[in-house]
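Undergrad: Output the structure for:
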Amino acid sequence: MLLVELELLCGNKEQAIKLSETMKEIGKLAGKETVCVLTNMDQPLGVSVGNNLEVIEAIKALKGNMEEDVKAVVLELGSYMIKLAGICEDIEENKQKILENIQNGKAYNKFKELIENQGGNVSYLEDIDKFEKAKFIIPVISDKEGYVEKINAREVGVISGLLGAGRVRKEDNIDQSVGIVFCKKVSNEVKIGDILCYVHANNENLGNEAVAKLKETYKISKEKIEEPKAIIGIVK
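TA: Residues are numbered from 1 along each chain as shown. Here you go, the predicted model:
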């Protein structure tokens, strides 16, 4: 089997479909059934950007506290993995099985087992407060009102790199504790004074610079915006 997730950046669905067809041809040459899932990445998936912050969000998700867009992607990818493995053909039934195994704790326990088997410290799963925290947590406050029309996902990635969550140069060190946590995403209503997101920084100047840049990544519209779908399409 071959399952491919293709992230749609800037709404370029045509290129994603074209790439899907190429991936399917590669799968065919390898003698593998191939399914491509097109996901919307015009805004961050979930609410967290940054190493520790994303791990914490993943742990919460495995314990049942999962953002709706994350849930949509997890269920779609997972259900096709089960199908392609030859276990069950019914996609909706597979989604229910995945939800059940999250709700009954089996998914979390399996993750814990995997970490233990690799010599990892599972105490961080049991107590997420053990993760290293950034020195500065700075709110990004809206000076506009309306509805979030767009968040520039590419720019969010650049800003997180500026904070140290990613590498600008290959020799750069990654700061595990920094990043961004979103409070408002596309379609959410915003009032003046609302917190759009929080910047987690270990350098106050960089943190304040990130705040200014993040304000620019938000496009606020007076018109009500429809909530975007996490799954754009399936090519199979």
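Undergrad: Any regions of this structure where pLDDT drops low?
TA: 1-11 (pLDDT under 70).
Undergrad: hmm, try it at 50
TA: With pLDDT under 50 as the threshold, the chain has low-confidence stretches at 1, 9-10.
Undergrad: How many neighbouring residues does the residue nearest to T217 when sequence neighbours are not counted have?
TA: Counting by CB to CB, 6 or more residues apart in numbering, N152 is the residue found nearest to T217 once chain neighbours are left out, at 4.2 Å. (Glycine included, C-beta is placed from N, CA and C.) Neighbour count for N152, taken as other CB atoms under 10 Å: 18.
Undergrad: Give me the distance between N152 and I231.
TA: Taking CB to CB, to the nearest Å as the measure, N152 and I231 are separated by 21 Å.
Undergrad: ok, now which ones touch the residue nearest to T217?
TA: The contact partners of N152, taken as CB atoms under 8 Å, 6 or more residues apart in numbering, are E216, T217, K219.
Undergrad: all helices in this structure, in order from the N-terminus.
TA: 13-29, 51-62, 68-84, 91-103, 106-117, 123-126, 153-163, 204-217 (DSSP state H).
Undergrad: Flag every buried residue along the fourth one.
TA: Across helix 91-103, burial judged by 16 or more other CB atoms under 10 Å covers N94, K95, K97, I98, L99, N101, I102.
Undergrad: now swap in the fifth one and tell me
TA: By neighbour count, and taking 16+ other CB under 10 Å as the criterion, the buried residues in helix 106-117 are A107, Y108, F111, K112.
Undergrad: Output the contacting helices and strands for that helix.
TA: helix 51-62, helix 91-103, helix 123-126 (3 or more CB pairs under 8 Å, 6 or more residues apart in numbering; DSSP states H and E).
Undergrad: okay, those helices in JSON lines with distance to E33 next?
TA: Listed next are those as JSON lines, based on distance: least, CB to CB, whole Å:
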{"stretch": "helix 51-62", "distance to E33": "28"}
{"stretch": "helix 91-103", "distance to E33": "14"}
{"stretch": "helix 123-126", "distance to E33": "34"}
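Undergrad: Which among those is found nearest to L206?
TA: With CB to CB as the criterion, L206 lies closest to helix 51-62 of the helices and strands packed on helix 106-117, at 16.0 Å.
Undergrad: residues in contact with that closest one?
TA: The set of residues external to helix 51-62 that reach it, using CB under 8 Å, 6+ apart, is 46-48, 66-67, 70-71, 74, 102, 107-108, 111, 125, 128, 131-133, 165, 174-177, 179-181, 200.
Undergrad: Counting neighbours, which of those residues end up buried?
TA: Here the buried ones among these, as counted with 16+ other CB under 10 Å, turn out to be 46-48, 66-67, 70-71, 74, 102, 107-108, 111, 125, 165, 175-177, 179-181, 200.
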